[in-house]
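In: coords please:
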Amino acid sequence: MAHISSPRPTLRRALHTQLDPRAWPHRGLSPLNLMLVCAILLATAAAIAETEPLLSGAYGGAFTALELAFGALFAAEYGARLWSVAEDLRAGEPVWRRRLRFALSPSALFDLFAIAVTFAPFLGINALAFRLVRLLRILRLAKLGRMSSALSLLLETVRSRRYELTVTLALALTVLVLGATALYWLEGDLQPEQFGSIPRALWWAVITLTTIGYGDAYPITAAGKFMAAIVAFAGIGLIAMPTGILASSFSEAVRKRYR
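Out: Numbers count the residues shown, from 1 in each chain. Down below sits the predicted model:
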């Protein structure tokens, strides 16, 4: 009698192809991952809308039902990933070891945390913790990173240019500290609330270096204004440096991947 193979490996392989972006042979997201992206966005939108008292008071039951449905969906997704990850085996590696490695990976641990956060409000926790848990559900947006090839390219770009970015960060911190120290020395006695210490002056240095300039702290002496102009001009250059580094590196990484 001919041996009839079980359909289980075929189903498992199909799930693995749909759930793992690296296994998907076509460009873009698989249909299942696209559905999960929509579910994540809808769940996040519901968590945000639920913080509005008018909506939560009128549609509290609907929000609860939605949260339970999304929680069940993401729990099923986790189970499917844990089961289908056996298709991504290294040579000679047992299935249990691959599944254990997946379960202990940061992304899988985050998924478990997101599922726990979903069901935590129904376990009788206090009001303050309940509010915190509701806000943490928004972190489910981070799950999108697993399905985004663009995000993986961006992370690869940051890693490849980490030395240049570290140098830029060191320069920015140096300018921040020097600018705050100068304003503390020049205007600390005149404006003690804004520049009475270097930590207080650091707030002005940050908003000036980033060219935001809220206007809640600003120098009033000629020397202070001159120093503020130097910090502002330095901020323009320091913002342009990492922007140019990342833009050129990201463009190069995209060309390498898709040419």
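In: burial measure for A172, as a count.
Out: 20 (other Cβ atoms under 10 Å). Where C-beta positions appear, they are placed from N, C-alpha and C, glycine not excepted.
In: do the same with the one 5 residues further on
Out: One way to gauge burial is a neighbour count; for V177, by other Cβ under 10 Å, it gives 14.
In: before we move on, what about E67?
Out: Using other Cβ under 10 Å, E67 has 20 other residues around it.
In: ok, then the element right after the host helix or strand of it?
Out: Here E67, judged by DSSP states H and E, is contained in helix 60-84. Scanning forward in sequence from helix 60-84 by DSSP H and E, the next helix or strand is helix 95-103.
In: Taking their axis directions, that next one and helix 60-84 sit at what angle?
Out: Calculated by axes from the mean of the first three to the mean of the last three Cα atoms, to 10 degrees, helix 95-103 forms an angle of 140 degrees with helix 60-84.
In: V167 and I230, how far apart?
Out: Plainly put, V167 is 20 Å away from I230 if you go by Cβ to Cβ, to the nearest Å.
In: One more: R200?
Out: When R200 is compared with I230 (using Cβ to Cβ), they lie 19 Å apart.
In: For stretch 96-109, list every residue counted as buried.
Out: Buried residues in stretch 96-109, defined by neighbour count with 16 or more other Cβ atoms under 10 Å: R98, R99, F102, A108.
In: Any chance of the backbone angles for the last one?
Out: Translated: A108. Torsion angles at A108 (phi, psi; degrees, to the nearest 10) stand at phi -70, psi -40.
In: 105 is where my numbering starts, stick with that
Out: OK, 105 is where the count begins now, so the last one is A212.
In: Identify the residue nearest M345 in space, chain neighbours excluded?
Out: T272 (4.9 Å; Cβ to Cβ, 6 or more residues apart in numbering).
In: Does the one you found lie in a helix or a strand, and which?
Out: Assessed by DSSP H and E, T272 sits inside helix 266-291.
In: Give the other helices and strands that that helix contacts.
Out: Here helix 266-291 touches helix 296-299, helix 302-313, helix 326-362, going by 3 or more Cβ pairs under 8 Å, 6 or more residues apart in numbering; DSSP states H and E.
In: Would you mind putting those into TSV with mean neighbour count, distance to P125 and mean pLDDT alongside?
Out: As requested, the helices and strands packed on helix 266-291 are arranged in TSV below (neighbours: other Cβ atoms under 10 Å; distance: least, Cβ to Cβ, whole Å; pLDDT from 0 to 100):
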stretch	mean neighbour count	distance to P125	mean pLDDT
helix 296-299	16	49	85
helix 302-313	20	37	87
helix 326-362	15	13	81
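In: could these be laid out in a markdown table, adding distance to P157?
Out: A markdown table is the format used below for these (distance: least, Cβ to Cβ, whole Å):
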| stretch | distance to P157 |
| --- | --- |
| helix 296-299 | 36 |
| helix 302-313 | 33 |
| helix 326-362 | 39 |
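In: Looking at those helices, which is nearest to E197?
Out: Comparing these against E197 with Cβ to Cβ, the closest turns out to be helix 326-362 (27.4 Å).
In: Next, the angle helix 266-291 makes with the closest one.
Out: 170 degrees.
In: quick check, distance from helix 326-362 to the centre of its chain.
Out: Helix 326-362 sits 22 Å away from the centroid of its parent chain (Cα atoms, centre = their mean, to the nearest Å).
In: do the same with stretch 346-363
Out: The chain centroid and the centroid of stretch 346-363 are separated by 20 Å, computed with Cα atoms, centre = their mean.
In: same check, this time on stretch 315-329
Out: Distance, centroid of stretch 315-329 to centroid of chain: 33 Å (Cα atoms, centre = their mean).
In: One more: stretch 122-135?
Out: Centroid separation for stretch 122-135 versus its chain: 21 Å, with Cα atoms, centre = their mean.
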